[in-house]
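Visitor: 3D model of this:
(4 chains, ligands or ions: 4)
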Amino acid sequence: MTTTTAAPAKQRSVRSALGSLLSGNGALVGLLVLCLALYIATPAFLTGPNLVNIGIQASTIAVLAFGMTFVIVAGGIDLSVGSVAALSAMASAWIFTSAGLPGWMSIVAGLATGALAGAVSGLGVAFGRLPSFIATLAMLSVARGLTLVLSDGRPIATSDEVSFLGSRLGGVPVPILVLLVTGVIASFVLNRTVVGREMYAVGGNVEAARLSGIRVRKVLVTVFALAGVYAALAGMLLAGRLNSAQPQAASGYELDAIAAVVIGGASLAGGVGKVSGTLIGALVLAVIRNGLNLLNVSSFWQQVVIGLVIAIAVGIDVLRRKNTRH
Amino acid sequence: MTTTTAAPAKQRSVRSALGSLLSGNGALVGLLVLCLALYIATPAFLTGPNLVNIGIQASTIAVLAFGMTFVIVAGGIDLSVGSVAALSAMASAWIFTSAGLPGWMSIVAGLATGALAGAVSGLGVAFGRLPSFIATLAMLSVARGLTLVLSDGRPIATSDEVSFLGSRLGGVPVPILVLLVTGVIASFVLNRTVVGREMYAVGGNVEAARLSGIRVRKVLVTVFALAGVYAALAGMLLAGRLNSAQPQAASGYELDAIAAVVIGGASLAGGVGKVSGTLIGALVLAVIRNGLNLLNVSSFWQQVVIGLVIAIAVGIDVLRRKNTRH
Amino acid sequence: NRGGDAASGQQSVTLSLSTLSNPFFVDVRDGAQDAADELGLTLDVVDAQDDSATQADQVANAITGGAAGVIINAVDSDAAGAAVAPALSDDLPVIGVDRAVNGADITSLVSSDNVAGGKQAADALAAAIGEKGKVIVLQGVAGTSASRDRGQGFAEGIAAYPDIEVVATQTANFDRAEGLDVATNLLQSNPDVVGIFAENDEMALGAVQALGDRAGSDVFVVGFDGTDDGLAAVKAGTLVATIAQQPKELGKQAVQLMKQVLDGEQVAKDAPVPVQTVTEDNVTDFLQ
Amino acid sequence: MTADPVLSLEHVTKKFGPVTVIDGVTVHVRPGHVQVLLGENGAGKSTLIKMMAGIYQPDGGRVVVDGRPVVLSDVRTAEALGIATIHQELNLVPTMSVAENIVLGRMPSRAGLLDRRAVRRTAREALARIGLDLDVDTPVGELGIARQQLVEIAKALSTKARILILDEPTAALTGDETDALFGVVEELRAASVGMVFISHHLEEIGRIGDSVSVLRDGALVAEVPATTDEDELVRLMVGRDITDHYPRRRDYDGPDEVLLQVDRLSSGDRLRDISLTARAGEVVGIAGLVGAGRTELLRAIAGADPYDSGVVRVAGRPVPRRGVPAAIDAGIGLVPEDRKAQGLVLDASVNDNIGYATLGSTARAGLADRRGQRDRARQMAERLRIRMSGIDQPVRDLSGGNQQKAVFARWTLAGSKVLLLDEPTRGVDVGARVEIYEAVNAITAAGGTVVMVSSDLPEVLGMSDRVLVMSGGRLAGELSREDATQDRVMALAVRDVDRQAEDHTNAATTEGTDR
Ligand SMILES: Nc1ncnc2c1ncn2[C@@H]1O[C@H](COP(=O)(O)OP(=O)(O)OP(=O)(O)O)[C@@H](O)[C@H]1O
Ligand SMILES: Nc1ncnc2c1ncn2[C@@H]1O[C@H](COP(=O)(O)OP(=O)(O)OP(=O)(O)O)[C@@H](O)[C@H]1O
Ligand SMILES: [Mg+2]
Ligand SMILES: [Mg+2]
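Guide: Ligands and ions are numbered 1, 2, ... in the order given. The predicted structure is shown next:
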């Protein structure tokens, strides 16, 4: 009995995870408006190769932001993802180049580094009772410092396995595949697993969650460790695209990742957020940057425009939600 | 009648504002431990000139963080303070050097620029209903872009009036004076004015504030405009010390300013925070950096140590508060 | 007994670098460190992380910390003047390295000329593309003096070739990953580009990555700095040229000059270290 | 009845999205007159008064003040017209002091500067008016929910309004505080203040009201004098008779077993040396005044707060002092008193909220049982008659009483053997209350035990098999169902146990050192 009902349930669950990833979402309108404007402004925008470019360029931030989604849903913030991405990629390259271990080990080492760094932040939040802002700000600094120590400030070449992450597989760029797979996994974790549902509860009302018997600390450590693993993957993706791990890689990406999550409709107060929204948020950012390059906007004015577009994209979403509410 | 009672009341209020600024506070223990450790580690630390150095070095972040305190108390966050500081300083220098207006006008123009930029963010939050993270992230980008546009990417010399902010007055460094005066003013605004108390209400429970008839939007615009003015002052302080407004000045300072406020015991959830705590937070950051320089810690390891010290300083505070609670 | 180091009896000198997360400045440090070890100086290296105010703070800390002299690699030339003023008024020798220190009478400046380097880059690129065609420029962090000077030199240099058109100028913040993304996007909107000038090797290598097989055959990339990776790319033919500064030489000469000053010798105000255009022909001279 | 209304809602309608929540309702507020609003949970009472307070604007109909139609565009406009509101859900800033909360939105000031002395004075006067003795500098967040409610009342009273709206002000109060509040209401009536009063305690209606508007599903079904007989009011309200308001039944016929045993539990000066037992099939009621330590006791047993000494046993086995999960594993469940702060994740759906305590236990291989969960939540919502637009509605949009039912549903679903209820029916209408009592009956019938803390004395007396009375952090006494009367309970609750307490503590210390 149980097995016969379990099998179709699993099929449905994967499909519905994909569905929820792609389903209509907050900033979607903002993204579409942006794309339409660029389509009108330049013929180079809506071409196959350019859309693929955007996908590749969005991948790093998107993967970071998927990990960030766990943290923000659980009511925290993770400022360390950029540094942890760099540290993990560097550790991965170092294991391969300096320690001379086999290539697949380099991927494992990278992911383990990310998980460890994330778990340390998580322990600081859960047991050290540090505000997540502080725990991860500390980790931002520590991880970047360790990256520099490990690399002595110089780029290190990556293993072929990591470089594969930046290559193409039968014409399809691997970063886009990684983006899709990690997105589906993140959506699945948030929607279908116990710990995922518990993240929403902890972020929504930590006291109510605690009184319901949810092990808040375990959830918090899991959340930050997951964000660390996602950061590691993003770091290796970036390193793979460049065939080298850079000491300053991904610095400042934390703000982009948080912005992607928030543009996607999550609340920094916790308890609200969807992976599909985060993906759209990351695409909004990638499309803006791509579009401004295509239009060859002066780099001074670019920053002005990026700021305005972010405000407008979220503004459209706010308006849209206000209208449907009442 | 009213005048006779008002006078002593005013005296008391200034005194008590100073008192509350200096009164025992969260991270104080962390700061003292840090100072003790440095005192033991190096004789160069506890010398008059070095302490003055620390005061000067803390001033920019402290002034930014005082402004940030308003925002965080009111439940928001302001990522734009670094950019707004740079823009204001640049506007001030531009008014003097390129537009050729008198020196005192350059200070006024700088402050007005900061107030305007802050107010725009505030309007976005209050009326555009943007999350403050997004509104100020947009402003971060826009203000930096405008700084570059205004300066064409080159530093501009400051007026004598602005340079005075970086000089000494009868042996006392002006940045330290500015730090003290702005701190007392911030403390006074938060504790003694109606709008200050309303900031706590809005940050503590925005719904209750609204239902009590507080004009939440007015409070929010005020809060961000104030943060903008403080950022402008910090920017001019920085420019004054360097005798020139730099296009990339103060970038990334927003995280330091937020860290100072949070180290000082404020909660990013809003409703909690003290100017005295913020000052201690800014001093913690300045002392760490100064100490690591004095100890000649390798710059790679410095970042690791800075991260650890931030975590420990806040950790001590958390422990201390836990102990007094029960 | 300023700058005395109790343990070793050596004089200590502070080297304030604009950043240490760029291999170029790591090389400056290494050159300086080698020279210091050789000459019996203690070298305190501080990293300003590309922030002028941090640099000013660090110089102030060096003075109170008892340094005998300051070698400064300015984050920004104009801002550094104010930063070193207290050191100069304390009669400490101040030597600039790589970037000028404006508005202060420093002891000496060891530098390579970025504007001249930009011009050389323009010539190298023009030679590679046969003095005609469309090119794009990848800029460094907007507002930094390195970006300004190299960009200015390149613009002046390229103006001498009427058949070359700069079709796009975009920032990639001196970063390899951004260089890759921005170059990809610019190639999308300007498919007929034949040359790319990047204001540093990191961005140039990103652009090479974006070009893939086309690098060095259809599209020619010129970088700046002569980092290890950059030189390797020149050897591999993916980069046509890089404008090599000699970072280790910069660091070394700065320390040597400092030693001379501390020993009471007179030194020249300017100590130029040549920049060289490195192409396939001479790259082996630069690779160790 | 003769005076002209100061405030009227005329044929007002309110929609949330497609749902019509208020449909053409007319209500008048007259000076010196208490207009009662009566209706089931979710009938629309709070929505109606929010249209008087300037929080919602009607989609149809109009608001008339002093005979002139007005638009109450926000709270300030309403306040300017002399309308003050005590909301059902507390609207206080937990981090601010009692004094500042009372003057929030109208702080005494001169040229923008706060007049701190006037703030304290105003606050003390306001508290004195309802007989509350509190340090006005205490942060509100440190007060129990009942005192917070009193602060909220003081805040509204201090506005000197001519129209006062009271949305379930007595839900969190015990008899004494309710009496004090009603004393103030009488004063205000004499001062010609017009009032609107909402309560699910029917006996209060006759005591304080003048006339009653009965709402059902957002429509006005009747307007009757407040003297109307309670059964008749219930019939108007729920459309059926409720014969037994406290349908306690002891259907358990299994072995007599002590399920919960608390031995000498102490925690600071808030819980002193408490021992009690609860048997299978039994409901143990705990009565006491506000601040007696009842909530503390339940939280300690449930692992929500640490305690200094003592042992909690379930079915004879000690419960490890390792927080809530350990207590849940042992079979303990807690329905906390403050549904908003401790009970609910407001942005989450009704479905999610009902499922939190069973999320882990129903999962397979770490995957949440979503379908089973929905089925169970739907059943439970039906059984407790939670009024909602669907199981996926955010619990934030539910009416107060229905939110309470959602918390209750979570623990009923968890099937705890030892269920600790802290004010389980606060804000719940008479009909739904009976559903909750039936759920309690079902739990005890199945061999569980229920410990129920309530400030609603008739409820404690009506539903408990045994009544414990707490006072000053101690157990002041125990009464059997037969012996328990209001007077006896109150006598124990106010008994000065302090001296006795001291003796006890001394004895305990000596004993402790001897051992
Ligand atoms: N903001 C909202 N959005 C959607 N529905 C709402 C909203 N506020 C209230 N409702 C719905 O309107 C109905 C009436 O709610 P209201 O709070 O007025 O009930 P009530 O009579 O005060 O109930 P109670 O006695 O439980 O307090 C309920 O069904 C509730 O779910
Ligand atoms: N965190 C706290 N710090 C200090 N005192 C507290 C704290 N929490 C509660 N108290 C006080 O402890 C006493 C017991 O409170 P408790 O809430 O247990 O009472 P109660 O009998 O449940 O009454 P009610 O819930 O009706 O207010 C009260 O005086 C309360 O103000
Ligand atoms: Mg209600
Ligand atoms: Mg209680």
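Visitor: point out where the chain drops to low pLDDT.
Guide: You didn't pick a chain, so chain A it is. A:1-26, A:320-326 (pLDDT under 70).
Visitor: that's the other chain; I wanted chain D
Guide: In chain D (pLDDT under 70), the answer is D:1-2, D:496-515.
Visitor: could you list the domains of it?
Guide: What the record gives for chain D is the domain set D:7-238, D:244-331+D:416-515, D:341-414, from automatic domain parsing.
Visitor: end to end on the shortest one, go ahead and measure it.
Guide: Which is domain D:341-414. Chord length of domain D:341-414, first to last residue, is 20 Å (Cα to Cα, to the nearest Å).
Visitor: that domain near chain B anywhere?
Guide: No - using Cβ under 8 Å from any Cβ of the partner chain, domain D:341-414 stays clear of chain B, coming no nearer than 11.0 Å. C-beta coordinates here come from the backbone N, C-alpha and C atoms, glycine included.
Visitor: re the thing from before, among the domains of chain D, which is nearest B:D256?
Guide: domain D:7-238 (25.2 Å; Cβ to Cβ).
Visitor: can you add distance to C:F24 and mean neighbour count and give the domains of chain D back as CSV?
Guide: CSV is the format used below for these (distance: least, Cβ to Cβ, whole Å; neighbours: other Cβ atoms under 10 Å in any protein chain shown):
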stretch, distance to C:F24, mean neighbour count
domain D:7-238, 51, 19
domain D:244-331+D:416-515, 54, 19
domain D:341-414, 49, 21
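Visitor: I'd like those domains as TSV, with distance to C:P93 appended.
Guide: Output for the domains of chain D, formatted as TSV (distance: least, Cβ to Cβ, whole Å):
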stretch	distance to C:P93
domain D:7-238	55
domain D:244-331+D:416-515	63
domain D:341-414	64
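Visitor: so which bits of stretch C:226-234 are buried?
Guide: C:226-227, C:229-231, C:233-234 (16 or more other Cβ atoms under 10 Å in any protein chain shown).
Visitor: circling back: select, out of the domains of chain D, the one closest to A:A225.
Guide: Of all the domains of chain D, it is domain D:341-414 that lies closest to A:A225, at 15.0 Å by Cβ to Cβ.
Visitor: does ligand 4 have contacts with the closest one?
Guide: No - Domain D:341-414 stays clear of ligand 4 (Cβ under 5 Å from the ion), getting no nearer than 11.0 Å.
Visitor: what about that domain, distance to the chain center?
Guide: 19 Å (Cα atoms, centre = their mean, to the nearest Å).
Visitor: hmm, it in reach of ligand 1?
Guide: Yes - contact of domain D:341-414 with ligand 1 (Cβ under 6 Å from any ligand atom) involves D:387, D:397-402.
Visitor: contacting residues for the closest residue to ligand 4 within chain A?
Guide: Relative to ligand 4, the nearest point of chain A is A:L211 (14.1 Å; Cβ to the ion). Residues near A:L211 by Cβ atoms under 8 Å, 6 or more residues apart in numbering or on different chains: D:302, D:304, D:324, D:334, D:336, D:342-343.
Visitor: near chain D too, which of the buried residues of stretch C:226-234?
Guide: Among these, not one lies near chain D by Cβ under 8 Å from any Cβ.
Visitor: run through the strands of the stretch 1-150 of chain C in chain order.
Guide: For the stretch 1-150 of chain C, applying DSSP state E, counting those that start in this stretch gives strands covering C:11-17, C:41-47, C:69-72, C:94-97, C:108-111, C:133-139.
Visitor: want to throw those strands into JSON lines with mean pLDDT?
Guide: Shown next, in JSON lines, are these (pLDDT from 0 to 100):
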{"stretch": "strand C:11-17", "mean pLDDT": "92"}
{"stretch": "strand C:41-47", "mean pLDDT": "91"}
{"stretch": "strand C:69-72", "mean pLDDT": "94"}
{"stretch": "strand C:94-97", "mean pLDDT": "94"}
{"stretch": "strand C:108-111", "mean pLDDT": "91"}
{"stretch": "strand C:133-139", "mean pLDDT": "95"}
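Visitor: looking at those strands, which is closest to chain D?
Guide: Chain D lies closest to strand C:41-47 among the strands of the stretch 1-150 of chain C, at 40.4 Å (Cβ to the nearest Cβ).
Visitor: what about the closest one and chain A, any contact?
Guide: No - using Cβ under 8 Å from any Cβ, we find that strand C:41-47 stays clear of chain A, coming within 8.9 Å at best.
Visitor: ok, stretch C:213-223 next?
Guide: No - using Cβ under 8 Å from any Cβ, stretch C:213-223 never reaches chain A; the gap is at least 12.9 Å.
Visitor: tell me which of the strands of the stretch 1-150 of chain C lies nearest to C:D30.
Guide: strand C:41-47 (10.2 Å).
Visitor: so in that sheet, which strands flank that closest one, and in what orientation?
Guide: In the sheet, strand C:41-47 lines up against strand C:11-17 (parallel) (DSSP bridges).
Visitor: which other residues reach the partner strand?
Guide: Outside strand C:11-17, the residues that touch it by Cβ under 8 Å, 6+ apart are B:299, C:3-5, C:25, C:28-29, C:32, C:36, C:41-48, C:55, C:58-59, C:62, C:65-73, C:97, C:251, C:254-255, C:258, C:262.
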